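Undergrad: Have a look at this prediction, sequence included:
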Amino acid sequence: MPHATINGQQIAYDDTGGDGPPVVLAHGFLMDRSMFRHQVEALRDRYRVITWDERGFGDTITDGEPFTYWDSASDCLALMDHLGIDRAVVGGMSQGGYLSLRVALTAPERVRALILLDSGAALDAPETLAANSGMVDMWLSVGPVDELAQAVATIIIDDPVENPVWIAKWQARPKESLAEPARCLLTRDDVSPRLGEIACPALVVHGTEDTAITMAHAEEMADGLPGCGGVVKVAGAHAANLTNPDPVNAAILDFLADLPA
């Protein structure tokens, strides 16, 4: 498992290699690059697929300093530089989508298209922000104890097989490691007024049972992106690409096949 020294961080990543068009995918909050294993298997024969761990998660080693999703976008672009990739399809799930939008706003010439899975552009509603802040406060205080971890896993994953896998990962990490990623999430800026600046093709896929980011937020984002044809709705909770990969993979493959060269 390689690391790239980027922006003072050691970013862990996987790269399928090959000569196919590159696709770079970023994971959601509390997840890591392994959440894309089904997408990697579906795409790797035709595409060069890069998955990476963002600051505070997975195998990436960070400096512990505060950061924003604009910094994460810079990490993504620097990883592309490290891998010799000038232009790629960039995307992600949830916060991976947040940073991917910022990649497209920062360096539009380097983004061939966007893939946005169970993500959004606007800020959370006040009640959602309050609930997320309460979860973070409890996590940082007592750690991801069983009751809290199960509640969070149900929101994000809601799968009897996958829930315990991810709960075990969370409980193996120091509770303090969530502090800066959570601050980034809870204090992020609103990029929805800038969606019209993003001209590249965009795919938006959203789980119909997603309660972490509402379908309305996904639809608002899709409406604001000039290159998006609307939301592709699939069954599943927040991490629908992990728990219901077949329709998600089909949507991604169709989208990629239709992209202009």
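TA: On my side now, so go ahead.

Undergrad: Would you mark the buried spots in stretch 185-193?
TA: Buried residues in stretch 185-193, counted by 16 or more other Cβ atoms under 10 Å: Leu185, Arg188, Val191, Ser192. Where C-beta positions appear, they are placed from N, C-alpha and C, glycine not excepted.

Undergrad: measure that stretch end to end?
TA: Terminal residues of stretch 185-193 are spaced 18 Å apart (Cα to Cα, to the nearest Å).

Undergrad: Please tell me how far that stretch is from the chain's geometric centre.
TA: 15 Å (Cα atoms, centre = their mean, to the nearest Å).

Undergrad: likewise stretch 187-196?
TA: Here stretch 187-196 is found 16 Å from its chain centre; the criterion is Cα atoms, centre = their mean.

Undergrad: ditto for stretch 223-236
TA: 16 Å.

Undergrad: And for stretch 167-178?
TA: With Cα atoms, centre = their mean as the basis, stretch 167-178 stands 19 Å off its chain's centre.

Undergrad: So which of the buried residues of stretch 185-193 belong to helices?
TA: Among those, the members found in helices (DSSP state H) are Leu185.

Undergrad: and which of the buried residues of stretch 185-193 is nearest to Asp137?
TA: The closest of the buried residues of stretch 185-193 to Asp137 turns out to be Leu185 (Cβ to Cβ; 13.2 Å).

Undergrad: element containing the residue nearest to that closest one when sequence neighbours are not counted, please.
TA: Distance criterion Cβ to Cβ, 6 or more residues apart in numbering; nearest residue to Leu185, sequence neighbours excluded, is Phe29 at 5.7 Å. Using DSSP states H and E, Phe29 falls within no helix or strand.

Undergrad: What about Phe29, how many residues nearby?
TA: Neighbours of Phe29 under the rule other Cβ atoms under 10 Å: 22.

Undergrad: do the same with Arg173
TA: By other Cβ under 10 Å, the residues close to Arg173 number 15.

Undergrad: Please apply the same query to Asp75.
TA: 26.

Undergrad: cool, His27 as well?
TA: Residues near His27, counting by other Cβ under 10 Å, number 26.

Undergrad: Please enumerate the helices of the protein.
TA: Using DSSP H, the helices of the chain run over residues 37-43, 69-82, 95-106, 126-142, 146-156, 162-172, 179-186, 215-224, 240-243, 245-257.

Undergrad: Just say which of the ones you listed is most tucked in.
TA: A comparison of these by mean neighbour count, using mean count of other Cβ atoms under 10 Å, puts helix 240-243 on top with a mean of 26.

Undergrad: got the CA coordinates for that one in PDB?
TA: The C-alpha coordinates for helix 240-243 follow below in PDB (Å, rounded to 0.1, in the frame of the first residue of the first chain):
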ATOM      1  CA  ALA A 240     -25.400   3.000  -1.300                       C
ATOM      2  CA  ASN A 241     -22.300   2.400  -3.400                       C
ATOM      3  CA  LEU A 242     -21.100   0.000  -0.800                       C
ATOM      4  CA  THR A 243     -24.300  -1.800   0.100                       C
END
